[in-house]
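Enquirer: attaching a predicted model along with its sequence, questions to come.
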Amino acid sequence: MGYLLNADVTVLANFTNPNTKVTVDFSYVILDLYHDRNFIATRYIEPFSVVKGESRFADVHLMASQVRLSNEHSLELKKQMDGGRVEFEIRGLFRARSKLGGIFRYSYWLNAHCQMVVGGPPAGVLIGNKCVTKR
């Protein structure tokens, strides 16, 4: 029958605007949390802007309550927790917009894919991560 997963994950996301001439407006930001390719939780972030050449940090709280897991997935998660290294994936979808001068607006979608390894519960601190963002 499987098991039920409760998860409480907080991520400090860094949104960087390397462009030194324009501000970037993020009008749509969704982050999804996965374990072993299984969807666990999602979070919408309110629109915000990142001024030219700056970074903005967002404290993103992802919470899952009673997510059904298969027997195989439950065993894999338990094995990772017992080993002290739990692997998660975060996928993000962002709509970004820049204004060049007063007339030209440039809008585009960004996709982020991050792989994270955290310590086992209850502490679960970040051990390692790798993130890639593409248009």
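Expert: Okay, I see it.
Enquirer: low-confidence ranges, the chain, go.
Expert: For the chain, the stretches flagged by pLDDT under 70 are 1-2.
Enquirer: go with 80
Expert: Low-confidence segments of the chain (pLDDT under 80): 1-2, 100-103.
Enquirer: how about the strands in it?
Expert: Per DSSP state E, the chain carries strands over the ranges 3-16, 24-35, 38-45, 48-50, 55-69, 86-100, 104-118, 126-134.
Enquirer: could you dump those to TSV with distance to Leu75 and mean neighbour count?
Expert: Every residue, glycine included, has its C-beta placed from N, CA and C. Shown next, in TSV, are the strands of the chain (distance: least, Cβ to Cβ, whole Å; neighbours: other Cβ atoms under 10 Å):
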stretch	distance to Leu75	mean neighbour count
strand 3-16	9	15
strand 24-35	13	18
strand 38-45	13	16
strand 48-50	40	15
strand 55-69	9	14
strand 86-100	14	17
strand 104-118	19	14
strand 126-134	21	11
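Enquirer: from the centroid of the chain, which residue is nearest?
Expert: By Cα atoms, centre = their mean, the chain has its centre lying nearest to Ile90, at 4.0 Å.
Enquirer: distance check, that residue against Lys21.
Expert: Note on Ile90: its distance to Lys21, by Cβ to Cβ, to the nearest Å, is 30 Å.
Enquirer: now Ser49
Expert: 15 Å.
Enquirer: hmm, back to that, can you redo the strands of the chain as a markdown table with distance to Lys79?
Expert: What follows is these, written out as a markdown table (distance: least, Cβ to Cβ, whole Å):
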| stretch | distance to Lys79 |
| --- | --- |
| strand 3-16 | 13 |
| strand 24-35 | 12 |
| strand 38-45 | 15 |
| strand 48-50 | 39 |
| strand 55-69 | 13 |
| strand 86-100 | 10 |
| strand 104-118 | 14 |
| strand 126-134 | 16 |
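Enquirer: help me confirm that Val67 comes into contact with Leu5.
Expert: Yes: here Val67 reaches Leu5: they are 4.5 Å apart, a contact under Cβ atoms under 8 Å.
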